[in-house]
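**Student:** A structural model of the following input is requested.
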Amino acid sequence: MFNLDAYYELYVIQNFVTQKFMRELVSSLSTSIQSEFSFRTERKIAIFIVFLIVILIAFIVFWLPFLNGLNLQIYKTKLMLMIIPLEVLIKIKNVAKVLQSQSFITQTQKKSSSSRKNSEQ
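**Tutor:** Model prediction:
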């Protein structure tokens, strides 16, 4: 039954025509899949770079002026505290802790203690 001419022709068509087309289709499919993956990767990298640039611009535009404002407020607060005598500031526990952490009290206490000793003598 398999020795008929029709089966032989089908075998020839399958081996010489259909297999070539299938190989070409599979190779074009793999090429298109590979190009799609590379395009997606490039697109993700481009989106990530744009995201980083946006974050950098937001940092420069918003965060740095905010920090400058905070530093200015801290400087003004320190200037206001310098108006108050040191003996009064030391009596306030929280302010004394802050001044000690910034080594402000130790320097001024040494100066004031040495001036007190000189005035007592």
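
**Student:** gap between the helix ranked longest in the chain and the chain center?
**Tutor:** Ranked by residue count and defined by DSSP state H, the top helix of the chain is helix 19-58. Distance of helix 19-58 from the chain centroid (Cα atoms, centre = their mean, to the nearest Å) equals 25 Å.

**Student:** what's in contact with the next helix-or-strand element following it?
**Tutor:** Per DSSP states H and E, the first helix or strand lying C-terminal to helix 19-58 is helix 64-83. The contact list for helix 64-83, computed with Cβ atoms under 8 Å, 6 or more residues apart in numbering, reads Leu89, Val95. All C-beta atoms are positioned from the backbone trio N, CA, C, and that covers glycine.

**Student:** how far does helix 64-83 sit from its chain's centre?
**Tutor:** Centre-to-centre, helix 64-83 and its host chain are 27 Å apart (Cα atoms, centre = their mean).

**Student:** and Met22, how far is that from Gln14?
**Tutor:** 10 Å (Cβ to Cβ, to the nearest Å).

**Student:** hang on, I meant Met80
**Tutor:** For Met80 relative to Gln14 (Cβ to Cβ), the value is 94 Å.

**Student:** ditto for Glu42
**Tutor:** According to Cβ to Cβ, Glu42 stands 40 Å off from Gln14.

**Student:** go on, Phe37?
**Tutor:** Distance, Phe37 to Gln14, by Cβ to Cβ: 32 Å.

**Student:** phi first, then psi, for Pro85.
**Tutor:** Recorded main-chain torsions at Pro85 are phi -60, psi 150, according to degrees, to the nearest 10.

**Student:** an error on my part: the question was meant for Ile84.
**Tutor:** phi -80, psi 140.

**Student:** and it, how far is that from Gln102?
**Tutor:** 16 Å.

**Student:** again with Asp5
**Tutor:** 103 Å.

**Student:** more neighbours: which of those two?
**Tutor:** Gln102 (11 against 7; other Cβ atoms under 10 Å).

**Student:** do you know the pLDDT at Ile49?
**Tutor:** Note for Ile49: predicted pLDDT of 98.
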